[in-house]
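1. Provided below for reference: sequence and predicted model.
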Amino acid sequence: MFQMAIDQTGACPVEASVNGDVLFDLGLMFSTGRDGIVDLIAAHKWFNLAALKGRVDAIRLRRELAEQMSAEDIALAQREARAWMTAH
């Protein structure tokens with residue numbers, strides 16, 4: 001059982017000006033559960049945004065994730081990516 005507190009004082013939102021590498025790293029984090037949580041919807045979203053910022057390798061990983069996801073989950077990930085682009 002996790003018994004520690006997480007210090008979020010240094011946390012900041014991902015800005016639109018970030019490069020594709022940062023977005024790609026977020027996709028890896030959510031797809032592998034590197035921080036303890038596997039979230040394929042979030043991973044698909046970040047790989048999608050990374051691809052738009054020029055990370056060609058994100059396209060392949062996004063495709064691999066899509067094979068494991070339902071059509072509804074893919075649609076949700078795409079909506080979240082569009083919402084992030086609109087907000088930033």
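-> Arrived safely, thanks for sending. Residues are numbered from 1 along each chain as shown.
2. helix or strand for the spatially most central residue of the chain, which one?
-> Nearest to the mean C-alpha position of the chain, counting by C-alpha atoms, centre = their mean, stands residue 46 at 2.8 Å. Element membership for residue 46, per DSSP states H and E: helix 40-52.
3. what is the subsequent helix or strand relative to that helix?
-> Per DSSP H and E, the helix or strand that comes after helix 40-52 is helix 57-66.
4. who touches that following helix?
-> 20, 23-24, 27-28, 31, 40, 43-44, 47-48, 50-51, 74 (C-beta atoms under 8 Å, 6 or more residues apart in numbering). (Glycine included, C-beta is placed from N, CA and C.)
5. and the angle for it with helix 40-52?
-> With axes from the mean of the first three to the mean of the last three C-alpha atoms, to 10 degrees as the basis, helix 57-66 and helix 40-52 are set at 160 degrees to each other.
6. may I see the buried residues of helix 57-66?
-> 58, 61, 62, 65, 66 (16 or more other C-beta atoms under 10 Å).
7. how about those residues, which pair is most distant?
-> 58 and 66 (12.2 Å; C-beta to C-beta).
8. okay, now the unreliable bits of the protein?
-> 1-17 (pLDDT under 70).
9. keeping just the C-alphas, turn the single longest helix found in the chain into CSV.
-> In the chain, taking DSSP state H as the definition, the longest helix is helix 71-87. Extracted C-alpha coordinates of helix 71-87, given in CSV (Å, rounded to 0.1, in the frame of the first residue of the first chain):
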residue,chain,number,x,y,z
ALA,A,71,-13.4,2.2,-31.0
GLU,A,72,-15.0,4.2,-28.2
ASP,A,73,-11.7,4.6,-26.4
ILE,A,74,-9.9,5.7,-29.5
ALA,A,75,-12.7,8.3,-30.2
LEU,A,76,-12.3,9.5,-26.6
ALA,A,77,-8.5,9.8,-27.0
GLN,A,78,-9.0,11.8,-30.2
ARG,A,79,-11.5,14.1,-28.6
GLU,A,80,-9.1,14.7,-25.7
ALA,A,81,-6.3,15.5,-28.2
ARG,A,82,-8.5,18.0,-30.1
ALA,A,83,-9.6,19.6,-26.8
TRP,A,84,-5.9,19.9,-25.7
MET,A,85,-5.0,21.6,-29.1
THR,A,86,-8.0,23.9,-28.8
ALA,A,87,-7.2,24.9,-25.2
